[in-house]
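K.L.:
fold the following for me, if possible:
(chains A and B)
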Number of protein chains: 2
Amino acid sequence: MSDDGARPSESTDGGARPGLSRRGLFRVAGVGAAGMLAAGVTGGAVGRITANDGPADVAVSPLPDDSPRAMVRFAGEHQAGIITPAQDRLHFVAFDVITDSREDLAALLRTWTAAAARLTSGQPTGPDDTGEAQDLPPAGLTMTIGFGTTLFTADDGTDRFGLAGHRPRSLVELPPFPGDRLDPAISGGDLCVQACANDPQVAVHAVRNLVRLGAGVVRVRWTQLGFGRTSSTSSAQATPRNLLGFKDGTANLKAENGQALDHFVWVGEDDVDWLRGGSYLVTRRIRMLIEDWDVLPVPQQEAVMGRTKTAGAPLGQVAEFDPTDFAAVRDGQPAIPRDSHVFLAHPTNAGTAILRRGYSFVDGTGPDGRLDAGLFFIAYQRDPQTGFVQVQRNLAGDALNGFVEHGSSAVFACPPGVVDEDDWWGRALFESSP
Amino acid sequence: MSDDGARPSESTDGGARPGLSRRGLFRVAGVGAAGMLAAGVTGGAVGRITANDGPADVAVSPLPDDSPRAMVRFAGEHQAGIITPAQDRLHFVAFDVITDSREDLAALLRTWTAAAARLTSGQPTGPDDTGEAQDLPPAGLTMTIGFGTTLFTADDGTDRFGLAGHRPRSLVELPPFPGDRLDPAISGGDLCVQACANDPQVAVHAVRNLVRLGAGVVRVRWTQLGFGRTSSTSSAQATPRNLLGFKDGTANLKAENGQALDHFVWVGEDDVDWLRGGSYLVTRRIRMLIEDWDVLPVPQQEAVMGRTKTAGAPLGQVAEFDPTDFAAVRDGQPAIPRDSHVFLAHPTNAGTAILRRGYSFVDGTGPDGRLDAGLFFIAYQRDPQTGFVQVQRNLAGDALNGFVEHGSSAVFACPPGVVDEDDWWGRALFESSP
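P.N.:
Below is the predicted model:
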């Protein structure tokens, strides 16, 4: 958090401002006051979202990140929810836009921005709020928006909202990969919102109220709940285990890797202006064939993963953060098999890096009595082609492929953060368009 | 917790005991040592599940109940997970038994008992454990078993396992209720296990390992995940909100209501011997018609519920725990409408009481774009006929019925707790049979 987080308010008069509806304005005013009180800011500033030139993703409160009372700053150079230390619960939603009106879409994005500012500070969205998060603290809630390919250009080539000319060159559907079993009904989407929190009820409440506010403009296309973040995104977090029982994300990009983030995560000057400081989001719903995995003896599981199960050490090493030594030899063979997941996915061999932020899911039991469970993979990167696509291509011979099935895929462009009270999700995109 | 929780061990020799497999014995030995260490017991007792004549459902550790490190005692007069202060997460599973062998079924129940003792103390089930809870604390895990009607008598009348003669008289399918839209595929089951914990990964891990250990003997029939307990079961817990945005469970039976528990929850001498100290479990998956509810103005929502939305006060009162005054009048009408949920469900008018222990669920989005979300209702009672059935019949005219749909139903008899190291889930049932 930058030291200037509590700048004096530019305006407290509550008067009308261009581009912000009365309703939106009321909501922004509300969050300014309550949010700052919650953050312990004692200045008289009321009626604004505080600007923030520093990293957006730092808890405003001095509480530990996983405290229910933790509050993550909504405004900032980058959207929160990307390098924010990963919270424990996810509610991800993809929407289809059902209006043809550019104005209605832009108005909704303004309304949503104000709602997200309130929600992330622990406030209800307004008098019509659905209420189930009343009395609950912010629980580290972040809400992160992304724009899908079809928002810019419909499948039939239509420029739906006059945005096609500003479609980023890297925002294209992912290529097919061997073994894909994608269901179009739970893939893609015009818009997405990633809600993460340490309390599932807080995340569910946030998404539900965006749905409520979006009636007539958007329709839910698909949703995914997740738990037990499967990748650390901060060096301060212990590495969690995925549903294969292995530590996951040991070598992930972390919030503390400033230069690497600029290189691999944040969109730079080589992309469209409105996306600078944003990122590309790739999601994949990866079902794990749990029952097949569970009968595989642990030494074979370890050979598939390339790490030990208990410690999470690279094979041939002892501790989780021991160096991944691909030259190490055991019994005349590479200690880390050449077809292991770690060998193929490691930045050294993939030649790139992505910021993973996935969650485990268990969505009940299929008709065959097998668990419908696995990893809802989320990755942020500066360019999907040199990020996820490159990593995934490198995994073509991954021994893990026999135990996973990709059933859903999506790619979104996530704009930079909202920087002041007049800003809103997508403003730069909409105002840079003809 | 009773003061005699650390009795000297009867045996530490690891020798074979009747009715306990070598494998089960190993596991019980493991939990004895590790579990006691975790609980800070410094005596030399190894190789046993500690007996407990007092309430089973008291955290062994001095930590608050919702701490991740909290450990709930597995052994005791009653099963844990009934009056245990409700944890935040649920993984419920119903099984079909797929073997005809009474011996294999009994052996599995012994194996499961040993596994549950280990799991609830934060230990892996053994060397083949799936691993995803390694490094995670017990998180207040409880595992509660129940036996369904079809375990005793198959739908075609077959006495499958020689247990029909010991089927409790009250263990019968629930009668149909108006408005039921039950799906048989997610109703019923021969066995069930309710796993509750403050970490969803811990609950999922527990169920998954029972599934793994049950291969060839049982098959998963249906599962349900839940979050955000919707009823307090202890006076020390704040009343949570359900997905309708209202506080739920204000007038619930609580762990502190000793006499009422004996009267309404625990099976007494008027039922079969093996079930004494146990309870009957009723589950109902109740989908809430969220989108319809969300457009209902709050005053009308309050009239449906009979309570205020923000405070949770009975209508006509101010605070949540103000007396529910059914004689109060407002504008010439009863302050609490006669068709409100509170009026009809309240013990005063239902003439009975049940211990509710339900959880919210959000299982994604239906093909119509509507949320598949609601309440997974769980209730414990001494007799379903004078418990849930009586309450539900009284709700026939409930104004809330327009906003809910019951899609799944099940009833199970839950045996009393496991009291010593030779005991196992269902032992009294199996040993009392011909």
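K.L.:
tell me where chain A has helices.
P.N.:
In chain A, helices defined by DSSP state H lie at A:22-38, A:102-120, A:149-152, A:200-213, A:258-264, A:290-294, A:298-305, A:341-345, A:347-350, A:388-394, A:427-431, listed in chain order.
K.L.:
can you tell me which of the ones you listed is nearest to chain B?
P.N.:
With respect to chain B, and counting by C-beta to the nearest C-beta, the nearest of these is helix A:200-213 at 4.2 Å. In short, each C-beta sits where N, CA and C put it, glycine included.
K.L.:
avg pLDDT for the closest one?
P.N.:
Taken as a whole, helix A:200-213 has an average pLDDT of 94.
K.L.:
could you give the separation of that helix from the chain centroid?
P.N.:
Using C-alpha atoms, centre = their mean, to the nearest Å, the distance from the centre of helix A:200-213 to the centre of the chain it belongs to is 16 Å.
K.L.:
for A:Asp422, give me phi and psi.
P.N.:
Main-chain dihedrals, A:Asp422, degrees, to the nearest 10: phi -90, psi -10.
K.L.:
report the separation between it and chain B.
P.N.:
For A:Asp422, the distance to chain B equals 30 Å [C-beta to the nearest C-beta, to the nearest Å].
K.L.:
if you tally nearby residues, what's the number for that residue?
P.N.:
Around A:Asp422 there are 17 other residues, counting by other C-beta atoms under 10 Å in any protein chain shown.
K.L.:
what pLDDT is listed against it?
P.N.:
What the model reports as pLDDT for A:Asp422 is 92.
K.L.:
now swap in the one 4 residues further on and tell me
P.N.:
Listed pLDDT for A:Gly426 reads 96.
K.L.:
cool, and the one 5 residues further on?
P.N.:
Looking at A:Glu431, its pLDDT is 93.
K.L.:
still on that earlier bit, among the helices of chain A, which is nearest B:Ala303?
P.N.:
B:Ala303 lies closest to helix A:200-213 among the helices of chain A, at 20.7 Å (C-beta to C-beta).
K.L.:
orientation of the closest one relative to helix A:102-120 in degrees?
P.N.:
160 degrees (axes from the mean of the first three to the mean of the last three C-alpha atoms, to 10 degrees).
K.L.:
ok, the residue of the stretch 1-150 of chain A found nearest chain B to A:His205 distance?
P.N.:
Nearest to chain B in the stretch 1-150 of chain A, going by C-beta to the nearest C-beta, is A:Gly131, at a distance of 2.5 Å. To A:His205, A:Gly131 is 8 Å away according to C-beta to C-beta, to the nearest Å.
K.L.:
closest point of the stretch 201-350 of chain A to chain B, which residue?
P.N.:
The minimum distance from the stretch 201-350 of chain A to chain B, using C-beta to the nearest C-beta, falls at A:Gly245 (2.5 Å).
K.L.:
for that residue, give its distance to A:Thr130.
P.N.:
On the measure of C-beta to C-beta, A:Gly245 and A:Thr130 end up 37 Å apart.
K.L.:
swap in A:Phe361?
P.N.:
Separation of A:Phe361 from A:Thr130 (C-beta to C-beta) stands at 23 Å.
K.L.:
what comes up buried for stretch A:268-286?
P.N.:
When neighbours are counted by 16 or more other C-beta atoms under 10 Å in any protein chain shown, the buried residues of stretch A:268-286 are found to be A:271-272, A:274-275, A:277-286.
K.L.:
among these, which ones are in strands?
P.N.:
Of the buried residues of stretch A:268-286, the ones assigned to strands by DSSP state E are A:Ser279, A:Tyr280, A:Leu281, A:Val282, A:Thr283, A:Arg284, A:Arg285, A:Ile286.
K.L.:
per-residue pLDDT of the fifth one, please?
P.N.:
Which is A:Thr283. Model confidence at A:Thr283, given as pLDDT, is 98.
K.L.:
I'd say it and A:Phe377 touch.
P.N.:
Yes: applying C-beta atoms under 8 Å, one finds A:Thr283 in contact with A:Phe377, separated by 6.6 Å.
K.L.:
neighbours around A:Gly407, how many?
P.N.:
17.
K.L.:
what of the one 4 residues further on?
P.N.:
Residues near A:Val411, counting by other C-beta under 10 Å, number 25.
K.L.:
separation between it and A:Asp248?
P.N.:
For A:Val411 relative to A:Asp248 (C-beta to C-beta), the value is 22 Å.
K.L.:
can you check A:Arg393 too?
P.N.:
Taking C-beta to C-beta as the measure, A:Arg393 and A:Asp248 are separated by 21 Å.
K.L.:
and the strands in chain A?
P.N.:
Going by DSSP E, chain A shows strands at A:89-97, A:142-148, A:191-197, A:218-227, A:279-288, A:329-330, A:333-334, A:355-356, A:359-365, A:371-381, A:404-414.
K.L.:
looking at these, which is nearest to A:Asn257?
P.N.:
Ranking those by distance to A:Asn257, with C-beta to C-beta as the measure, places strand A:355-356 first at 8.9 Å.
K.L.:
helices or strands up against that closest one?
P.N.:
If you count contacts as 3 or more C-beta pairs under 8 Å, 6 or more residues apart in numbering or on different chains; DSSP states H and E, strand A:355-356 packs onto strand A:371-381.
K.L.:
more neighbours, A:Phe361 and A:Thr130?
P.N.:
More neighbours surround A:Phe361 than the other of A:Phe361 and A:Thr130, with 26 against 23 (other C-beta under 10 Å).
K.L.:
dump the residue contacts of the more buried one.
P.N.:
If a contact means C-beta atoms under 8 Å, 6 or more residues apart in numbering or on different chains, then A:Phe361 has A:Gln224, A:Leu225, A:Gly226, A:Phe227, A:Arg285, A:Ala373, A:Gly374, A:Leu375, A:Phe376 as its contacts.
K.L.:
what's the lowest-pLDDT member of these?
P.N.:
pLDDT across the contacts of A:Phe361 is at its lowest for A:Phe227, which sits at 90.
K.L.:
bridging residues for that residue?
P.N.:
Note on A:Phe227: beta-bridge partners by DSSP bridges are A:Arg89, A:Ser360.
K.L.:
what about it, neighbour count?
P.N.:
In terms of burial, A:Phe227 registers 22 neighbours under the definition other C-beta under 10 Å.
K.L.:
give the contact list for it.
P.N.:
Applying C-beta under 8 Å, 6+ apart to A:Phe227 gives the contacts A:Asp88, A:Arg89, A:Leu90, A:Pro200, A:Tyr359, A:Ser360, A:Phe361, B:Pro200, B:Gln201.
K.L.:
a markdown table for the residues you listed, including distance to A:Arg73?
P.N.:
Below are the contacts of A:Phe227 laid out as a markdown table (distance: C-beta to C-beta, whole Å):
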| residue | distance to A:Arg73 |
| --- | --- |
| A:Asp88 | 19 |
| A:Arg89 | 19 |
| A:Leu90 | 19 |
| A:Pro200 | 22 |
| A:Tyr359 | 22 |
| A:Ser360 | 27 |
| A:Phe361 | 28 |
| B:Pro200 | 27 |
| B:Gln201 | 28 |
